[in-house]
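1. prediction below, plus the sequence it came from.
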Amino acid sequence: MARSLHDLASVDRFTPISRREAARVQYSPVMILLTIVATAGCLGYGFFLLQHSHRGDFLPWALVIASEAILVFHALIAMWTVLAGTRDVRDHEYWRARDELYPIARISSLGLQGAPTRWPLQIDGRSIDVDILITVYGEPLEVIRRTALAALAVRGRHEVWILDDGHSDEVRDFAAASGCRYVRRRTSNGAKAGNVNYALTLAKSEFFVILDADFVPLPGLLEETLPFFANDTVAFVQTPQTYGNLHNFISRGAGYMQAMFYRFIQPGRNPFNAAFCVGTNVVFRRKAIDDVGGMVTDSKSEDVWTSLKLHERGWRSVFLATTLAIGDAPDTIVAYSKQQLRWATGGFEILFQANPLGLRRRLNLDQRLMYFITATHYFTGIVPGLLLLVPALEIFFDLRPVSMDVGWETWVLFYGGFYVLQIVLAFFTLGSFRWEVLMLAACSFPIYAKALLNVVMGRDQAWSVTGATKRVSPFTVMGPQVCVLVFLLCTTAVGVWRDSMLGQISIATVWCGLNSAILLTFVVVALGEIRASSSGRLAVRGDLAKAAATTAALAAPGPLSTPADAVAARLSGQRMRGARRRIVT
């Protein structure tokens with residue numbers, strides 16, 4: 001008997017691709033295995049370098065040991081954090097509060113069945129109010145409009161406030177026309193944190209959301225985060241920074257660079273009660289911020305500093321690894337450099353001004369370790385610059401980091417056991433190998449070195465906003481990279497000449513040549529950026545990519561029904577029962 005043909009018609013709201021994504025297990029057995037193997041690779045590489053019989057000349061060996069010690073330490077802690085985050089942060093208390101978030105009877109009595117943005121919210125049977133604060137500092141009106149309109153469409157009763165430190169009359173007029181509240185300060189003291197603190201003197205709701213002007217919220221923002229606050233110790237719920245404008249080398253590199261952090265590192269910090277605020281896509285309890293005297297204003301990383309203060313006061317933080325807003329990654333070298341400089345400066349400030357390991361810090365041991373990792377993270381960005389010197393020392397001075405008795409096969413085995421396994425793990429967690437991340441990370445060492453120097457010298461770093469960076473030549477911030485490239489090209493040429501005289505190719509020459517190729521690619525990207533920017537294609541591509549990503553996120557089905565779905569079903573059931581009673585009578 002012939003089998004009947006299947007027309008592959010959709011049987012539910014999923015497509016094969018979206019169903020596969022909804023059913024995907026974030027912490028799969030293969031991913032856990034790779035994490036354990038990568039950990040072994042870290043330890044093996046560390047033991048290899050520290051063996052006395054493998055030690056070469058002191059200067060290059062010391063450079064390698066210092067650099068690799070930083071990388072191995074952070075890699076090991078990262079592996080541990082990833083493994084710690086396998087448990088879902090949403091517990092029974094969360095699901096109960098989520099089911100009771102919308103009071104069905106009250107919605108029905110108020111006649112709000114078709115107005116989900118006006119549905120009252122409750123936690124533990126108590127009505128709550130929410131303010132959504134959009135911080136603005138010179139972003140284009142269209143960017144602000146897109147975010148504000150999406151904020152107005154978020155389900156659950158709330159008020160939208162536009163906090164305009166850009167003093168734009170156009171933004172003021174838009175706020176009035178759209179129904180948003182508008183706030184303008186006389187000064188911009190305290191930058192973004194000062195802007196939020198001033199708004200909190202006017203916005204008095206029990207909970208408030210902070211959104212950067214370029215982050216478009218999804219309709220379920222409140223109903224996915226507010227249930228955590230059924231636990232009275234929760235100060236804030238942070239959600240990921242997901243980027244939609246991944247349309248060129250820089251935006252993809254900057255965006256994917258954060259993917260590992262938001263998918264695995266931040267969730268892994270939940271068991272340590274050390275997940276920190278990242279400044280946007282975050283919901284705060286007003287009482288918690290009042291408890292620490294407002295957002296911290298004397299740092300460019302006000303988000304991390306505020307988190308630290310809250311944790312010192314005993315509050316709990318939650319990171320929910322669910323995309324609830326889509327924003328813009330920096331898509332130019334200048335924008336990326338300013339963003340990373342600001343973040344790195346804030347990290348080093350925490351290390352030198354509020355040492356998490358210091359006795360004065362009122363943190364538990366778990367939190368001390370996690371904040372120390374945060375504060376020292378950007379040292380890993382300086383390391384590639386230090387390692388550039390190692391092959392040059394061999395080529396010019398015949399100084400080697402490892403003994404001549406160690407064959408290149410042994411060196412490659414242990415070196416690959418560390419670096420290759422890190423790349424394989426990143427490949428698996430991101431879904432594919434992102435060469436932009438590797439190359440961008442290798443070229444960013446001058447940014448992090450400058451941030452360290454700024455903090456040590458006490459220099460103030462001017463505030464800048466990712467979406468408001470003017471289109472200027474990338475070479476205005478690429479002087480160190482260009483100088484290093486010239487040095488590496490000359491060094492490689494000398495290495496090739498030396499190897500031809502000796503009749504064999506050395507690892508130092510190959511290493512130096514690869515570094516030259518990476519920096520040369522960065523320069524080529526900069527030249528392409530200049531061409532795209534001058535023709536106007538850069539901004540257009542970014543807007544189109546962001547719009548497409550936001551539309552896809554809004555249309556994508558979730559793996560579970562939302563509270564709004566449950567409310568709609570129950571209200572529909574009430575209407576059907578009422579209609580049946582009318583028919584019977």
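-> Sure thing, it's come through.
2. identify, by residue count, the longest helix of this structure.
-> Ranked by residue count, the top helix of the chain under DSSP state H comes out as helix 507-535.
3. for that helix, buried residues please.
-> Within helix 507-535, the residues scored as buried using 16 or more other Cβ atoms under 10 Å are 508-509, 511-513, 515-516, 518-519, 521-523, 525-526, 529-530, 532-533. Yep, even glycine has a C-beta here, placed from its N, CA and C like the rest.
4. give me the pLDDT for G190.
-> Note on G190: pLDDT of 88.
5. contacting residues around it?
-> Contacts for G190 (Cβ atoms under 8 Å, 6 or more residues apart in numbering) come out as N197, T297, D298.
6. show me where the stretch 251-400 of the chain has strands.
-> Taking DSSP state E, counting those that start in this stretch as the test, the strands found in the stretch 251-400 of the chain are 282-285, 316-319, 325-327.
7. each with direction, which strands does the last one pair with?
-> Strands flanking strand 325-327 in the sheet, each with its direction: strand 216-217 (antiparallel), strand 242-243 (parallel) (DSSP bridges).
8. can you lay out the contacts of G190 as CSV showing neighbour count and distance to C277?
-> Compiled in CSV, the contacts of G190 are given as follows (neighbours: other Cβ atoms under 10 Å; distance: Cβ to Cβ, whole Å):
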residue, neighbour count, distance to C277
N197, 19, 14
T297, 18, 14
D298, 12, 16
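9. how about F208, secondary structure?
-> Using DSSP: H, G, I helix; E, B strand; the rest coil, the structure places F208 in strand.
10. close enough to count as contact, it and L200?
-> Yes: the criterion here is Cβ atoms under 8 Å, and F208 meets it with L200 at 7.2 Å.
11. once you drop chain neighbours, what's closest to L222?
-> G156 (4.1 Å; Cβ to Cβ, 6 or more residues apart in numbering).
12. my bad, should have said H158
-> The shortest distance from H158 to any non-neighbouring residue, by Cβ to Cβ, 6+ apart, is to V130 (4.3 Å).
13. what's the separation between the one you found and V283?
-> 8 Å (Cβ to Cβ, to the nearest Å).
14. shared neighbours, the two?
-> Residues touching both V130 and V283 (Cβ under 8 Å, 6+ apart): F207, F208, V209, L222, L226.
15. sorry, back to before: report the beta-bridge partners for the residue nearest to H158.
-> V130 has these beta-bridge partners by DSSP bridges: F207.
16. right, and it touches V160 too?
-> No: applying Cβ under 8 Å, one finds V130 not in contact with V160, separated by 9.9 Å.
17. who has more neighbours out of the two?
-> V160 (26 against 23; other Cβ atoms under 10 Å).
18. ok, residues contacting the helix or strand containing that one?
-> For V160, the host element (DSSP states H and E) is strand 159-164. Applying Cβ under 8 Å, 6+ apart, the contact partners of strand 159-164 are 129-136, 144, 148, 151-152, 171-172, 175, 179-184, 195-196, 198-199, 202-203, 205.
19. which residues of the stretch 151-300 of the chain fall in helices?
-> Assigned by DSSP state H, counting those that start in this stretch, the stretch 151-300 of the chain shows helices spanning 169-178, 191-199, 221-225, 249-260, 266-269, 286-291.
20. what does the stretch 301-450 of the chain give?
-> Secondary structure of the stretch 301-450 of the chain (DSSP H, counting those that start in this stretch): helices at 302-312, 333-353, 365-376, 379-387, 389-397, 408-430, 435-442, 445-457.
21. go through these and name the closest to D565.
-> Across the helices of the stretch 301-450 of the chain, the minimum distance to D565, taken as Cβ to Cβ, is reached by helix 408-430, at 30.2 Å.
22. returning to what we had before: the longest helix of the chain - contacts with which helices or strands?
-> helix 249-260, helix 333-353, helix 389-397, helix 435-442, helix 479-502, helix 537-555 (3 or more Cβ pairs under 8 Å, 6 or more residues apart in numbering; DSSP states H and E).
23. show me the one of those helices that comes nearest I326.
-> helix 537-555 (5.0 Å).
24. report pLDDT for R361.
-> As predicted, R361 sits at a pLDDT of 90.
25. I'd guessed it sits against A354; true?
-> Yes: counting by Cβ under 8 Å, R361 touches A354, with 6.9 Å between them.
26. that older thread, possible to save the helices of the stretch 151-300 of the chain as JSON lines with distance to P140?
-> Shown next, in JSON lines, are the helices of the stretch 151-300 of the chain (distance: least, Cβ to Cβ, whole Å):
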{"stretch": "helix 169-178", "distance to P140": "10"}
{"stretch": "helix 191-199", "distance to P140": "18"}
{"stretch": "helix 221-225", "distance to P140": "23"}
{"stretch": "helix 249-260", "distance to P140": "17"}
{"stretch": "helix 266-269", "distance to P140": "29"}
{"stretch": "helix 286-291", "distance to P140": "29"}
